[in-house]
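1. sequence unknown, structure follows:
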């Protein structure tokens, strides 16, 4: 007899369990400060029981923009404990969409497990007409319970679509199709016939294959992001250095071009031992490590969004300050 799969469900908050003032409140429901009670979201989706044995695991619920590194480390410890004690075959994490991709990528780099970990959210609150959270959660459980999800790294599931945590980003403020992998597309789909279908696998190492060990992280070194625009001077760069930044990600124009004033400030920062990572504000495409960047001791972000480059740079700086080694992390992960 086939053994039923066990899925642990961890709620961290977000739109998926938020409650607005009425069914048309899909814009400022966060200001209402209301959430579904513990167990209420699972209780209103009885079909979950057809897919797996689902167990809700207590965790803190908070707006995703409030999440800190400490929350990430606690979440990693919880997931490792569930798997080490063999209490689950897969994990689903509900999360606010504002920073969902950052949490997903951090877990993708640091979790040490091959078992499926799926992050899910919603673009409309639970109280809204045509709320998307119930189906998103159902599909996330379906993906986490499917053996084909093993070894795929951390996955993000919304709008019937399965994305790799490395590639996915939020592209629109309110649309349900907001999460996209702009350069590389989705891995597959949780489709309407109930099947989980993968058409691609992540090519870059993740989870058990990375050098990053969350158990060795007390806190991450400070890394700031500076966005370039016409007329930008070096004030924000200098402020980041004064605040104690060990690294700065430059979200440059085009393929990664800061202004002359920012460039001068980056050189000042580099002279003080701050590592600069050159990325782009464009939202798609690679930033390249030119001979000039290499000579200055800077690294390039590849095609990572600046906020994801910030995470990888911080994790790298936790191990080394050698720019060539850290560039290797960007080329590898």
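-> The structure has been received and is ready for your questions. All values derive from a computational prediction rather than experimental measurement.
2. Tell me if residue 8 really is in a strand.
-> Yes - under DSSP: H, G, I helix; E, B strand; the rest coil, residue 8 sits within a strand.
3. burial count for residue 104?
-> Number of residues near residue 104 (other CB atoms under 10 Å) recorded here: 26. Bear in mind the C-beta positions are built from the backbone N, C-alpha and C, glycine included.
4. could you pull out the helices for the stretch 101-250 of the chain?
-> 133-145, 235-242 (DSSP state H, counting those that start in this stretch).
5. and residue 323, how many residues sit next to it?
-> Neighbour count for residue 323, taken as other CB under 10 Å: 20.
6. quick one on the thing from earlier: out of the helices of the stretch 101-250 of the chain, which is closest to residue 42?
-> Closest to residue 42 of those, according to CB to CB: helix 133-145, at 8.1 Å.
7. wait, what's in contact with residue 206?
-> Residue 206 sits next to 108-109, 153-154, 165-166, 333 when contact means CB atoms under 8 Å, 6 or more residues apart in numbering.
8. what do you get if the cut-off is 10 Å, keeping everything else the same?
-> If you count contacts by CB atoms under 10 Å, 6 or more residues apart in numbering, residue 206 has them with 105, 107-111, 151-154, 164-166, 333.
9. And residue 190, by the same measure?
-> Residue 190 sits next to 118, 135-136, 138-143, 146, 157-162, 196-197 when contact means CB under 10 Å, 6+ apart.
10. and with 6 Å instead?
-> Residues in contact with residue 190 (CB atoms under 6 Å, 6 or more residues apart in numbering) are 139, 142-143, 160, 196.
11. hmm, back to that, widest-spaced pair of the contacts of residue 206?
-> For the contacts of residue 206, and using CB to CB, no pair is farther apart than 105 and 151, which are 17.5 Å apart.
12. of these two, who's got more company?
-> Set residue 105 next to residue 151 and count neighbours by other CB under 10 Å: residue 105 wins out with 28 against 16.
13. The more buried one and residue 164 touch, don't they?
-> No - the criterion here is CB atoms under 6 Å, and residue 105 misses it with residue 164 at 9.3 Å.
14. How about the contacts made by residue 22?
-> By CB under 6 Å, 6+ apart, residue 22 has no neighbours at all.
15. any idea which element it lies in?
-> Per DSSP states H and E: residue 22 is located in neither a helix nor a strand.
16. Could you check how far it is from residue 305?
-> Distance, residue 22 to residue 305, using CB to CB, to the nearest Å: 35 Å.
17. contacts for stretch 155-167?
-> By CB under 6 Å, 6+ apart, stretch 155-167 touches 104-105, 108, 118-120, 136, 139-140, 143, 154, 168, 176-177, 179, 181, 184, 186-190, 202.
18. That stretch - what's its average pLDDT?
-> If you average the pLDDT over stretch 155-167, you get 98.
19. same deal with stretch 208-217?
-> 92.
20. Buried ones in that stretch, by neighbour count?
-> The neighbour-count check on stretch 208-217 (16 or more other CB atoms under 10 Å) flags 210, 212, 214, 217 as buried.
21. same thing with stretch 190-205?
-> The neighbour-count check on stretch 190-205 (16+ other CB under 10 Å) flags 190, 196, 198, 202 as buried.
22. again, but for stretch 286-295
-> So, applying 16+ other CB under 10 Å, buried residues of stretch 286-295: 287, 289, 293.
23. repeat for stretch 64-74
-> Across stretch 64-74, burial judged by 16+ other CB under 10 Å covers 64, 67, 71-73.
24. Partner strands of the helix or strand where residue 55 lies, with direction?
-> Using DSSP H and E, residue 55 falls within strand 53-57. Taking DSSP bridges as the criterion, strand 53-57 sits next to strand 6-11 (parallel) in its sheet.
25. Need the mean per-residue confidence for the helix or strand following the strand it pairs with.
-> The helix or strand immediately downstream of strand 6-11 is strand 18-19, counting by DSSP H and E. Mean pLDDT, strand 18-19: 96.
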